[in-house]
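# My questions concern the predicted model and sequence given below.
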Amino acid sequence: MGAPSYDGSDYLQRRIWSDLGEFWERLSSFADSFVEAVVCADVNGKVVFFNRAAEELFGYSSDEVLGQPVVVLVPEDKRNDHLKGFEEMAKVTGTFPDKRLTEVTCRRRDGSTFPAEMTISCWSTVRGPIFYSVIRDTSERRKTEEA
C-alpha cells in the first residue's frame, strides 16, 4: 500500500468557496454604501442578496427576503409578467445584453406600490448566473413631472 494520491482538487475546491465567500462579503460592504436598492437573485428567481437601501425601500429585512422568490417585491397582478421576463433572461445567460433600464412597479412589505426604475444585468459565478438589479424609487420625480 502506497501513500494516498493527492490531486489538489480538495484544496482548489476549498479555495474557490473561500474566494466566493470573500466576494460576497465585499459585495455586501460595497452595495450597502449605495443609496439605491440592490437586489440579487439566482437563476431560480430566489433572492440571494438584499442591501440596506433595499430594506429601507421595501420594508423587509434581508433575513425575511433571502431565499424567497424575488416576485414578493412585485405586485400580484404584475408577477406573471415579471416571471416571464425572468425566464427569458435566464435562457440567454451566456449572452446577456448590457444593463437594461426599465420602469417597473414594485411592492413594499405593507402592500403599497411605487413606481421605480430598475437596471438589471447578470454575472456568472461557479454556482450559476446571478441577476442583479439596482432599483430607484421614482415617486417623487413623477410627482414633480406631473405638477
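Everything's here; your move.
# Run through the helices of this structure in chain order.
9-31, 52-58, 62-65, 79-91, 139-146 (DSSP state H).
# Just the CA coordinates for the last one, please, in PDB.
Output in PDB follows, covering the C-alpha atoms of helix 139-146 (Å, rounded to 0.1, in the frame of the first residue of the first chain):
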ATOM      1  CA  SER A 139     -42.300  58.500  -6.900                       C
ATOM      2  CA  GLU A 140     -41.000  62.000  -6.100                       C
ATOM      3  CA  ARG A 141     -39.700  62.600  -9.600                       C
ATOM      4  CA  ARG A 142     -43.100  61.600 -11.100                       C
ATOM      5  CA  LYS A 143     -44.900  64.000  -8.700                       C
ATOM      6  CA  THR A 144     -42.600  66.800  -9.900                       C
ATOM      7  CA  GLU A 145     -43.100  66.000 -13.500                       C
ATOM      8  CA  GLU A 146     -46.900  65.900 -13.100                       C
END
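# Quick check: which helices or strands does that helix pack against?
strand 113-125 (3 or more C-beta pairs under 8 Å, 6 or more residues apart in numbering; DSSP states H and E). Quick note: C-beta positions are derived from backbone N, CA and C, even for glycine.
# by how many degrees do the strand it packs on and helix 139-146 diverge?
Angle, strand 113-125 to helix 139-146, by axes from the mean of the first three to the mean of the last three C-alpha atoms, to 10 degrees: 130 degrees.
# looking only at pLDDT, what's the mean for strand 113-125?
Average pLDDT, strand 113-125: 88.
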